[in-house]
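[1] need the 3D shape of this:
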Amino acid sequence: MEPMHATTILAVRKNGQTAIAGDGQVTLGQTIMKTSAIKVRRLEVGSGILVGFAGAVADALTLLEKFEEALGIAKGNLPRAAVETVKRWRTDRVLRNLEAMLIVADVENLLLLSGNGEVLSPDEPVLAVGSGGPYALSAAKALLRYSELPAADIARESIQIAGEIDLYTTGNPTVLVVGEGA
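    Next up, the predicted model:
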(Lines give C-alpha, C1' and ligand atoms only; values in the text may rest on other atoms or scores of the structure.)
Protein backbone atom coordinates (compact mmCIF):
# COMPACT_ATOMS: atom_id res chain seq x y z
CA MET A 1 0.00 0.00 0.00
CA GLU A 2 1.29 3.43 -0.91
CA PRO A 3 1.81 5.94 1.91
CA MET A 4 -0.99 8.34 2.71
CA HIS A 5 -0.12 12.00 3.07
CA ALA A 6 -2.43 14.49 4.66
CA THR A 7 -2.79 17.81 6.31
CA THR A 8 -0.92 20.98 6.99
CA ILE A 9 -1.84 22.53 10.34
CA LEU A 10 -0.75 26.03 11.37
CA ALA A 11 -1.46 28.01 14.55
CA VAL A 12 -0.73 31.74 14.90
CA ARG A 13 -1.17 34.10 17.86
CA LYS A 14 -1.15 37.88 17.39
CA ASN A 15 -2.65 40.86 19.23
CA GLY A 16 -4.85 38.85 21.60
CA GLN A 17 -6.17 36.56 18.88
CA THR A 18 -5.24 32.94 18.10
CA ALA A 19 -6.03 31.29 14.79
CA ILE A 20 -5.57 27.70 13.76
CA ALA A 21 -5.79 26.67 10.12
CA GLY A 22 -5.94 23.20 8.63
CA ASP A 23 -5.61 22.17 5.04
CA GLY A 24 -7.99 19.39 4.06
CA GLN A 25 -6.16 17.40 1.40
CA VAL A 26 -5.70 13.65 1.83
CA THR A 27 -3.48 11.95 -0.75
CA LEU A 28 -2.89 8.24 -1.30
CA GLY A 29 0.30 7.83 -3.30
CA GLN A 30 -0.12 10.14 -6.27
CA THR A 31 -3.90 10.32 -6.02
CA ILE A 32 -5.85 13.05 -4.21
CA MET A 33 -8.51 11.17 -2.26
CA LYS A 34 -10.16 14.15 -0.57
CA THR A 35 -9.65 17.92 -0.48
CA SER A 36 -12.05 18.91 2.29
CA ALA A 37 -11.09 16.94 5.39
CA ILE A 38 -11.58 19.01 8.56
CA LYS A 39 -8.68 18.54 10.96
CA VAL A 40 -9.13 21.59 13.17
CA ARG A 41 -11.65 21.74 16.00
CA ARG A 42 -12.99 24.10 18.64
CA LEU A 43 -13.30 22.12 21.88
CA GLU A 44 -16.36 22.14 24.12
CA VAL A 45 -14.25 21.53 27.22
CA GLY A 46 -12.35 24.56 28.48
CA SER A 47 -12.80 28.07 27.20
CA GLY A 48 -11.66 28.98 23.71
CA ILE A 49 -9.42 26.00 23.02
CA LEU A 50 -8.56 25.06 19.46
CA VAL A 51 -6.95 21.83 18.25
CA GLY A 52 -5.43 20.78 14.95
CA PHE A 53 -4.15 17.31 14.21
CA ALA A 54 -1.92 15.64 11.66
CA GLY A 55 -1.09 12.00 11.10
CA ALA A 56 -3.23 8.91 11.01
CA VAL A 57 -6.83 10.09 11.51
CA ALA A 58 -7.94 7.32 13.87
CA ASP A 59 -4.79 7.83 15.95
CA ALA A 60 -5.27 11.61 16.02
CA LEU A 61 -8.92 11.29 17.06
CA THR A 62 -7.94 8.90 19.85
CA LEU A 63 -5.36 11.40 21.11
CA LEU A 64 -7.85 14.23 20.80
CA GLU A 65 -10.28 12.25 22.96
CA LYS A 66 -7.55 11.67 25.58
CA PHE A 67 -6.63 15.37 25.50
CA GLU A 68 -10.28 16.37 26.05
CA GLU A 69 -10.48 14.00 29.02
CA ALA A 70 -7.30 15.50 30.50
CA LEU A 71 -8.64 19.02 29.85
CA GLY A 72 -11.79 18.22 31.82
CA ILE A 73 -9.75 16.88 34.73
CA ALA A 74 -7.43 19.93 34.58
CA LYS A 75 -10.49 22.22 34.64
CA GLY A 76 -9.58 23.82 31.32
CA ASN A 77 -5.89 24.39 32.14
CA LEU A 78 -4.37 23.82 28.69
CA PRO A 79 -0.68 23.35 29.65
CA ARG A 80 -1.54 20.91 32.46
CA ALA A 81 -3.84 18.91 30.18
CA ALA A 82 -1.15 18.83 27.48
CA VAL A 83 1.46 17.41 29.88
CA GLU A 84 -0.97 14.82 31.25
CA THR A 85 -1.94 13.73 27.73
CA VAL A 86 1.67 13.29 26.65
CA LYS A 87 2.54 11.40 29.85
CA ARG A 88 -0.32 9.01 29.21
CA TRP A 89 0.60 8.78 25.51
CA ARG A 90 4.16 7.72 26.40
CA THR A 91 3.32 5.30 29.20
CA ASP A 92 0.23 3.52 27.87
CA ARG A 93 1.14 0.37 25.92
CA VAL A 94 -1.51 0.96 23.24
CA LEU A 95 -1.31 4.75 22.98
CA ARG A 96 2.48 4.84 22.57
CA ASN A 97 2.11 3.34 19.09
CA LEU A 98 -0.22 6.05 17.81
CA GLU A 99 1.15 8.07 14.90
CA ALA A 100 -0.16 11.62 15.08
CA MET A 101 0.67 15.08 16.36
CA LEU A 102 -1.60 17.65 17.96
CA ILE A 103 -1.36 21.43 18.08
CA VAL A 104 -3.43 22.81 20.93
CA ALA A 105 -3.98 26.53 21.41
CA ASP A 106 -5.88 29.20 23.29
CA VAL A 107 -5.34 32.97 23.52
CA GLU A 108 -2.27 32.51 25.75
CA ASN A 109 -0.69 29.22 24.65
CA LEU A 110 0.43 27.41 21.53
CA LEU A 111 1.62 23.86 22.23
CA LEU A 112 2.75 20.95 20.08
CA LEU A 113 2.12 17.47 21.52
CA SER A 114 4.14 14.61 20.09
CA GLY A 115 4.39 10.89 20.69
CA ASN A 116 8.04 11.34 21.63
CA GLY A 117 6.89 12.77 24.95
CA GLU A 118 7.29 16.39 23.90
CA VAL A 119 5.13 19.34 24.82
CA LEU A 120 6.73 22.16 22.87
CA SER A 121 5.98 25.84 23.20
CA PRO A 122 7.52 27.83 20.34
CA ASP A 123 9.83 30.83 20.73
CA GLU A 124 7.64 32.80 18.33
CA PRO A 125 3.82 32.68 18.39
CA VAL A 126 3.51 30.27 15.47
CA LEU A 127 3.50 26.46 15.13
CA ALA A 128 3.04 24.13 12.16
CA VAL A 129 2.95 20.39 11.45
CA GLY A 130 2.18 18.17 8.51
CA SER A 131 3.47 17.82 5.00
CA GLY A 132 3.36 21.55 4.23
CA GLY A 133 4.23 22.56 7.78
CA PRO A 134 7.72 23.94 7.07
CA TYR A 135 6.42 26.08 4.19
CA ALA A 136 3.44 27.39 6.15
CA LEU A 137 5.68 28.09 9.16
CA SER A 138 8.12 30.12 7.04
CA ALA A 139 5.34 32.14 5.45
CA ALA A 140 3.66 32.78 8.81
CA LYS A 141 6.91 33.96 10.41
CA ALA A 142 7.47 36.43 7.58
CA LEU A 143 3.89 37.70 7.73
CA LEU A 144 4.05 38.04 11.53
CA ARG A 145 7.21 40.12 11.29
CA TYR A 146 6.48 42.25 8.25
CA SER A 147 2.72 42.72 7.93
CA GLU A 148 -0.17 44.15 9.89
CA LEU A 149 -2.45 41.21 9.06
CA PRO A 150 -4.47 39.68 11.93
CA ALA A 151 -3.78 36.12 13.06
CA ALA A 152 -6.59 34.56 10.98
CA ASP A 153 -5.38 36.18 7.76
CA ILE A 154 -1.78 35.18 8.45
CA ALA A 155 -2.88 31.57 8.99
CA ARG A 156 -5.00 31.55 5.82
CA GLU A 157 -2.34 33.19 3.62
CA SER A 158 0.41 30.93 4.98
CA ILE A 159 -1.53 27.74 4.16
CA GLN A 160 -2.23 29.13 0.69
CA ILE A 161 1.49 29.78 0.18
CA ALA A 162 2.31 26.25 1.41
CA GLY A 163 -0.20 24.95 -1.14
CA GLU A 164 1.80 26.60 -3.91
CA ILE A 165 4.88 24.58 -2.90
CA ASP A 166 3.79 21.32 -1.24
CA LEU A 167 2.14 18.68 -3.43
CA TYR A 168 0.10 17.42 -0.49
CA THR A 169 -1.43 20.78 0.48
CA THR A 170 -4.43 22.25 -1.36
CA GLY A 171 -4.03 25.78 -0.03
CA ASN A 172 -7.73 25.89 0.87
CA PRO A 173 -7.78 25.94 4.69
CA THR A 174 -10.42 25.81 7.37
CA VAL A 175 -9.60 28.59 9.85
CA LEU A 176 -10.86 28.85 13.44
CA VAL A 177 -10.21 31.85 15.72
CA VAL A 178 -10.43 32.64 19.45
CA GLY A 179 -9.69 35.84 21.31
CA GLU A 180 -10.31 39.54 20.76
CA GLY A 181 -12.76 40.21 17.94
CA ALA A 182 -13.12 36.52 17.06
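[2] find the residue at the geometric middle of the protein.
    G52 (3.1 Å; Cα atoms, centre = their mean).
[3] wait, what's in contact with that one?
    By Cβ atoms under 8 Å, 6 or more residues apart in numbering, G52 lies in contact with 9-11, 20-22, 39-41, 102-103, 129. Just so you know, the C-beta spots here come from the backbone N, C-alpha and C atoms, and that holds for glycine as well.
[4] of those residues, which belong to strands?
    If you go by DSSP state E, those have 9-11, 20-22, 40-41, 102-103, 129 in strands.
[5] I'd like to know which helix or strand in the protein has the lowest mean pLDDT.
    Counting by mean pLDDT, DSSP states H and E, the chain has its least confident helix or strand at strand 4-6, which shows a mean of 57.
[6] hmm, back to that, parallel or antiparallel, which strands does the helix or strand harbouring the residue nearest to the centre of the chain pair with?
    If you go by DSSP states H and E, G52 is part of strand 50-55. Taking DSSP bridges as the criterion, strand 50-55 forms sheet pairs with strand 40-42 (antiparallel), strand 100-105 (antiparallel).
[7] buried ones only from the contacts of G52, please, as a PyMOL command.
    PyMOL command restricting those to the buried ones, with burial defined by 16 or more other Cβ atoms under 10 Å:
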select buried, resi 9+10+11+20+21+22+39+40+41+102+103+129
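[8] tell me which of the contacts of G52 is nearest to P173?
    Of all the contacts of G52, P173 sits closest to A21, with 4.1 Å by Cβ to Cβ.
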